[in-house]
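S.K.: dropping the sequence and predicted coords here.
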Amino acid sequence: MEQLDTDLEYSGKKALPDAGKRLNWLYFLPILGLLMIVFLTFAVIFQFSIDTIVNSIMSLFIVLFFVFVGLMFWAARPTSTRA
């Protein structure tokens, strides 16, 4: 007769990732905004021309808007409880 396996192996549930950590990715957007304000302030104070890069900056802001919307959906999604 074979011996019964009575050694119990306890396996705990893995801790779910904190949903708030996903929102930390959004901190780079206000930083980019502050950098843009500093850039525009320097352009006004030192009176250098920014007309050559206005189209590039506006294109960047349009892309960043869609990135922001995507990040909001990604960060606000519910966490799955399935293992």
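M.R.: Yes, it's here. Residues are numbered from 1 along each chain as shown.
S.K.: which strand or helix spans L23?
M.R.: Using DSSP states H and E, L23 falls within helix 19-23.
S.K.: residue ranges in this structure under the pLDDT threshold?
M.R.: 1, 5, 8, 10-17, 19, 79-83 (pLDDT under 70).
S.K.: mind naming the longest helix for it?
M.R.: helix 54-75 (DSSP state H).
S.K.: how far off centre is it?
M.R.: 12 Å (C-alpha atoms, centre = their mean, to the nearest Å).
S.K.: report the buried residues of that helix.
M.R.: Neighbour counts over helix 54-75 (16 or more other C-beta atoms under 10 Å) mark L71 as buried. To be clear about C-beta, it is placed using only N, CA and C from the backbone, and glycine gets the same treatment.
S.K.: so what does that helix touch, helix or strand wise?
M.R.: The contact analysis (3 or more C-beta pairs under 8 Å, 6 or more residues apart in numbering; DSSP states H and E) places helix 54-75 against helix 19-23, helix 28-46.
S.K.: redo those as TSV? Include distance to R77.
M.R.: Formatted as TSV, those follow (distance: least, C-beta to C-beta, whole Å):
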stretch	distance to R77
helix 19-23	8
helix 28-46	18
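S.K.: with mean neighbour count and distance to I53 added, can I get the ones you listed in TSV?
M.R.: Shown next, in TSV, are those (neighbours: other C-beta atoms under 10 Å; distance: least, C-beta to C-beta, whole Å):
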stretch	mean neighbour count	distance to I53
helix 19-23	12	31
helix 28-46	11	10
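S.K.: right, and the ones you listed - which one's nearest A76?
M.R.: Taking C-beta to C-beta, helix 19-23 is the member of these nearest to A76, at 8.1 Å.
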